[in-house]
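1. quick one, what's the 3D model for this:
(one chain, ligands or ions: 1)
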Amino acid sequence: MSYAYQIKTKREYNEAYKKSIEDPEAYWEEVAASFIWKKKWEKVLEWNFTAPDIKWFKEAKLNITENCLDRHIEANGDNPAIIWEPNNPDEKHRVITYRQLHKEVMQFANVLKHNGVQKGDRVCIYMGMVPELAVAVLACARIGAIHSVIFGGFSAQSIADRLQDAQASFIVTCDGSYRGNKVIPLKPVIDDALAQCDTVKKVIVLNRTHTPVSMIKGRDVWWEDEMKKAELSGNLQCNAEEMDAEDPLFILYTSGSTGKPKGVVHTCAGYMVYTAYSFVNVFQYTLGDVHFCTADIGWITGHSYILYGPLCAGATSLMFEGIPTWPDAGRFWDIVDKHQVNILYTAPTAIRSLMGFGISPIEGHQLTSLKVLGTVGEPINEEAWHWYNENIGKGRCPIVDTWWQTETGGILISNMAGITPAKPAHATLPLPGVQPVLVDEHGNEITGNNVNGNLCIKHPWPSILRTTYGNHERCRTNYFATYPNLYFTGDGCYRDNDGNYRITGRVDDVLNVSGHRIGTAEIENAINMHTGVIESAVVGYPHDIKGQGIYAYVVCSNIHGDETEMRGDITQTVTRIIGAIAKPDKIQLVNGLPKTRSGKIMRRVLRKIAEGETSNFGDTSTLLDPGIVEEIKNGKI
Ligand code: WT7
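-> Down below sits the predicted model:
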């Protein structure tokens, strides 16, 4: 399989970019011709950003799994689709060919159907990084059910909120999952979530860790039993459901600046075209390469660049169950050598944490198979960039710094490996079809180079989000209302003298902790649920490994036990309400928060204090009680 849409030189990039701006419809129509459709589109694009209402490949019919699986069977059926590396290096890895994956997906799709799942139903998937997770996701897509994968680190309460919001009626989970030397319970968390959620009819449970779990009659069934039944029924086929281009493919929840996570909705055709297109072009994938994206499928990176993008391209995607530091900090490098990985795509936070172990874990590894390195999720600092370049890429692998978001579905700004130049700590140039603009706080476009502004995009690309599940107005106000006729990313950005973009971080109340996105309001809500808490304010501060750390200022009515105990209880509350990923790194108990006379918390001041500033708090003349700032500053931890 060669890719008609693959850009191979800088000049081709320039030409493609120019064409994609001058005539976006013609550009994407040509790209879309490389995919398998059940019926072609009537119109390439219809859009307005006011509603918003965006339709790509209108009236086209397709099924993404035919592009991910069926189309590869004839020519490349025995090529590995997924190489699965287990948490424990002593357990045998698995190689799943396209033919095998196709068969398993169809079989599990039949299981879903037998259990009552229909087109359009929402299926929540809460599993560890096992191959069956990929099977479950693709099986949903096969029958037109809308999957909503929830990262294994979220709590029962978070799951319940998402189940309710999505009105999900089915769950696929595991008894537990392995992470380093720990066994993480999953089914018990689902059980807790279901105690407060009555929309769920069936729970399918895969046996992974052999941990005892409760199985409720009539509701809970075992994956293995159901697969056996499907096999015995003799029906090994499952035709791919005919989906409309704009039918939802999946929902993925992500945090925003308000308390409640939003269900970002991606649809079938545009998402398929753009993830495959961006995968091939950014990483310069060539057939046979082994692509290792270290993300979890619980995040958009895993959806787009472990599953859909690579599989549409007929690629070999490596899926890793474990963590980079177990059994030791050389685990990634073991995997690279063992499976002869060609492309390694990871997060700056992982790089920084591995940097902390020095270079001895790298010694004894060849790393000669590597051709391309990538980063995603947060700004990469120059030190980490150079370390990655020198110690892992040995100075011979281009590094792609890929900027994108859950909402964008695929990479929007990045260099293309070996095609367009890299610049440390810069995502560099927009992909064809992507029109970034920088605006000031009034929405005026900032033109020219060497300028800073808020990053917006002024024309739709195929994998832009279409709505937020069950609440279109929320989608409009969040992304399309801040600046008229622009999609607002929430990121601040610098454009250098050569037109390269450097993302400087969020300009809203969203934190990026170890590449995970968490809203400060969400953490505050969780803290405030503790009985002894009156109110709280959460801000981010620079953290050497996590990028940003979580700093919580908390006002208590009564302190149970001593302060340390109180902090522990608050941490426990956040873990219960959201999950361990939202645990504050620092909790400062304070007597009050700095508020203006109108009652607004002056977060700017709290941010400065958390960053370690002791003066220069800016204009504090509107503060109700300036004394409180002094007090908080002196109590800083
Ligand atoms: C936010 C999106 C999309 C992949 C995983 C995160 C930040 C993402 C970069 C980058 C600087 C980046 C932005 C963005 N971000 N990639 N290469 N350089 N910042 O997805 O959870 O939706 O978070 O991550 O702030 O808005 P997400």
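2. stretch 161-176: which residues count as buried?
-> Neighbour-count burial for stretch 161-176, counted by 16 or more other C-beta atoms under 10 Å, picks out 161-163, 165-166, 168-176. In this view, the C-beta of every residue, glycine as well, is placed from N, C-alpha and C.
3. repeat for stretch 480-489
-> 480, 482, 483, 486, 487, 488, 489.
4. could you look up the SS state of the last one?
-> So that's residue 489. Following DSSP: H, G, I helix; E, B strand; the rest coil, we place residue 489 in the strand state.
5. CA atoms only: put stretch 323-340 into CSV for me.
-> Only the C-alpha atoms of stretch 323-340 are listed here, as CSV (Å, rounded to 0.1, in the frame of the first residue of the first chain):
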residue,chain,number,x,y,z
ILE,A,323,4.9,1.8,32.4
PRO,A,324,8.3,3.2,31.3
THR,A,325,10.0,2.7,34.7
TRP,A,326,9.2,-1.0,35.4
PRO,A,327,10.9,-3.4,35.9
ASP,A,328,13.4,-0.5,35.4
ALA,A,329,13.8,2.7,33.6
GLY,A,330,15.2,0.9,30.5
ARG,A,331,11.8,-0.6,29.6
PHE,A,332,11.1,1.6,26.6
TRP,A,333,14.6,0.9,25.2
ASP,A,334,14.1,-2.9,25.8
ILE,A,335,10.9,-2.7,23.8
VAL,A,336,12.5,-0.6,21.0
ASP,A,337,15.3,-3.2,20.5
LYS,A,338,13.0,-6.3,21.0
HIS,A,339,10.5,-5.3,18.4
GLN,A,340,12.8,-3.2,16.2
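6. from the chain's centroid, how far away is that stretch?
-> 22 Å (C-alpha atoms, centre = their mean, to the nearest Å).
7. ok, and what's touching that stretch?
-> Contacts to stretch 323-340, defined as C-beta atoms under 8 Å, 6 or more residues apart in numbering, come from residues 83, 85, 87, 89, 93, 179-181, 290, 292, 294, 318, 320, 322, 341, 344, 346, 350, 353-354, 357, 361-362, 364-367, 369-370, 392.
8. go again with 7 Å.
-> Stretch 323-340 is contacted by residues 83, 85, 89, 179-181, 290, 292, 318, 320, 322, 341, 344, 350, 353-354, 357, 361-362, 365-367, 369-370 when judged by C-beta atoms under 7 Å, 6 or more residues apart in numbering.
9. does stretch 438-456 reach the ligand?
-> No: contact of stretch 438-456 with the ligand is not found when judged by C-beta under 6 Å from any ligand atom; the minimum separation is 8.5 Å.
10. mind listing the residues bridging to residue 56?
-> Using DSSP bridges, the bridge partners assigned to residue 56 are residue 45.
11. out of the contacts of stretch 323-340, list just those in strands.
-> 83, 85, 179, 290, 292, 318, 320, 344 (DSSP state E).
12. residue 222 against residue 205, yeah?
-> Yes: shown here, residue 222 and residue 205 form a contact pair, counting by C-beta atoms under 7 Å, at 5.7 Å.
13. so which of the two has more stuff around it?
-> For residue 222 versus residue 205, neighbours defined as other C-beta atoms under 10 Å are more numerous around residue 205 (23 against 15).
14. what is the helix or strand harbouring that one packed up against?
-> Taking DSSP states H and E as the definition, residue 205 sits inside strand 202-206. Judged by 3 or more C-beta pairs under 7 Å, 6 or more residues apart in numbering; DSSP states H and E, strand 202-206 is in contact with strand 170-174, strand 220-222, helix 223-232.
15. run the last query once more with 6 Å
-> Counting contacts by 3 or more C-beta pairs under 6 Å, 6 or more residues apart in numbering; DSSP states H and E, strand 202-206 is packed against strand 170-174, strand 220-222.
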